[in-house]
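give me the fold of what follows.
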Amino acid sequence: MDGFSSQATECHEPGQSDHRGHHLSIRSARSHPVESPSGPQSRRLPRRLVQLYVGLALYGASSALLVESGLGLEPWNVLHQGLAELTGLTIGVVSIIVGAAVLLLWIPLRQRPGLGTVSNVFVVGIAMDGTLALLPDAHTLAVRIPLLVAGVLLNGVATGLYISARFGPGPRDGLMTGLHRRTGRSIRVVRTVLELAVVATGFALGGTVGVGTVLYAVAIGPLAQLFLRVFAVPTAPAGSAVVAAGQPERAILPG
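From the prediction side, this is the model:
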């Protein structure tokens with residue numbers, strides 16, 4: 001899901017970047033190439049699809065580990081958890097509803113969703129609820145702290161898989177980049193304002209903010225950069241018969 005914390009962002013803008021909108025800059029991939037069905041990128045399509053869906057499923061699972069740890073969540077999941085407390089729905093279902101609602105906001109912002117964008121809405125929430133149903137209750141810090149650490153690490157792996165597949169940003173990331181384009185404000189400012197609003201609202205509704213929220217914000221950027229390199233899908237070599245489509249200036253880390 002895109003709900004990276006304020007610190008990790010896959011967008012790249014001169015002099016700064018932001019993950020799901022924040023303080024760390026991760027250069028986005030070059031433009032998505034358009035080529036014949038038998039071209040190099042098309043032959044990598046199965047790998048990219050596997051990365052996309054494995055990454056999204058692991059992202060949901062990592063969020064579930066953070067929920068179960070009870071030590072703090074990513075900004076958007078603070079809101080999702082607060083809304084779940086308010087409505088009685090599961091956090092995964094709330095994530096899907098919020099993701100779909102955010103995606104509707106892309107229309108006036110003239111953002112175009114990709115396969116990864118739409119898949120993000122559903123797969124992350126389903127994986128989160130599924131993982132929570134399988135996890136036993138954690139009551140002691142001896143169990144909750146490892147769950148927190150595992151959740152943050154797994155989130156970094158999931159982010160590298162999902163973003164490297166290059167099927168489009170998550171709905172929340174697209175909202176931020178869309179607002180950036182329409183308002184002229186920097187990605188950092190837009191993301192920070194939105195995520196502070198999301199966290200404050202979620203916390204007021206009963207969402208969990210704690211040491212895990214801070215750890216996530218500090219660690220997710222470096223982890224995302226590492227695993228983006230590990231799982232990068234090679235692009236078509238220079239000189240191949242590939243026509244570059246428009247530059248996706250900003251592909252934010254899901255998130």
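
all contacts plus neighbour counts: C-alpha atoms, from now on.
Fine.

packing partners of whatever helix or strand residue 102 lives in?
Secondary structure assigned from DSSP states H and E places residue 102 in helix 91-104. Packing partners of helix 91-104 (3 or more C-alpha pairs under 8 Å, 6 or more residues apart in numbering; DSSP states H and E): helix 75-87, helix 115-134, helix 171-183.

and the angle from the first one to helix 171-183?
Here helix 75-87 runs at 110 degrees with respect to helix 171-183, directions being taken by axes from the mean of the first three to the mean of the last three C-alpha atoms, to 10 degrees.

what's the burial count for residue 182?
If you count neighbours by other C-alpha atoms under 10 Å, residue 182 ends up with 12.

so residue 89 sits in a strand?
No. According to DSSP: H, G, I helix; E, B strand; the rest coil, the state of residue 89 is coil, so it is not within a strand.

check the offset of the helix holding residue 102 from the chain's centre.
Mean-position distance between helix 91-104 and its chain equals 13 Å (C-alpha atoms, centre = their mean, to the nearest Å).

can you list the residues that contact that helix?
Under the criterion C-alpha atoms under 8 Å, 6 or more residues apart in numbering, residues 77, 80-81, 83-84, 121-122, 124-129, 171-172, 175 lie in contact with helix 91-104.

contact partners of the next helix or strand after it?
Using DSSP H and E, the helix or strand that follows helix 91-104 towards the C-terminus is helix 106-109. For helix 106-109, the surrounding residues in contact (C-alpha under 8 Å, 6+ apart) are 112, 171, 174-175, 178-179, 182.

in helix 106-109, what's buried?
106, 109 (16 or more other C-alpha atoms under 10 Å).

picking that back up, the helix holding residue 102 to helix 75-87, inter-axis angle?
Calculated by the same axes, to 10 degrees, helix 91-104 forms an angle of 120 degrees with helix 75-87.

what are the buried residues along helix 91-104?
Across helix 91-104, burial judged by 16+ other C-alpha under 10 Å covers 91-100, 102-103.

all strands of this structure, in order?
For the chain, the strands defined by DSSP state E occupy 8-13, 16-19, 24-25, 33-34, 243-244.

contacting residues for the closest residue to residue 127 other than its chain neighbours?
Among residues not flanking residue 127 along the chain, residue 60 sits closest, at 4.8 Å (C-alpha to C-alpha, 6 or more residues apart in numbering). Neighbouring residues of residue 60 by C-alpha under 8 Å, 6+ apart: 1, 123-129, 131.

again with residue 229
Here residue 229 is in contact with residue 160 (C-alpha under 8 Å, 6+ apart).

hmm, try it at 10 Å
Residue 229 makes contacts with 160-161, 164, as judged by C-alpha atoms under 10 Å, 6 or more residues apart in numbering.

shaky segments in the stretch 101-250 of the chain?
Filtered on pLDDT under 70, the stretch 101-250 of the chain yields the residue ranges 235-250.

residue 202 contacts residue 80, doesn't it?
Yes. Counting by C-alpha atoms under 10 Å, residue 202 touches residue 80, with 6.9 Å between them.
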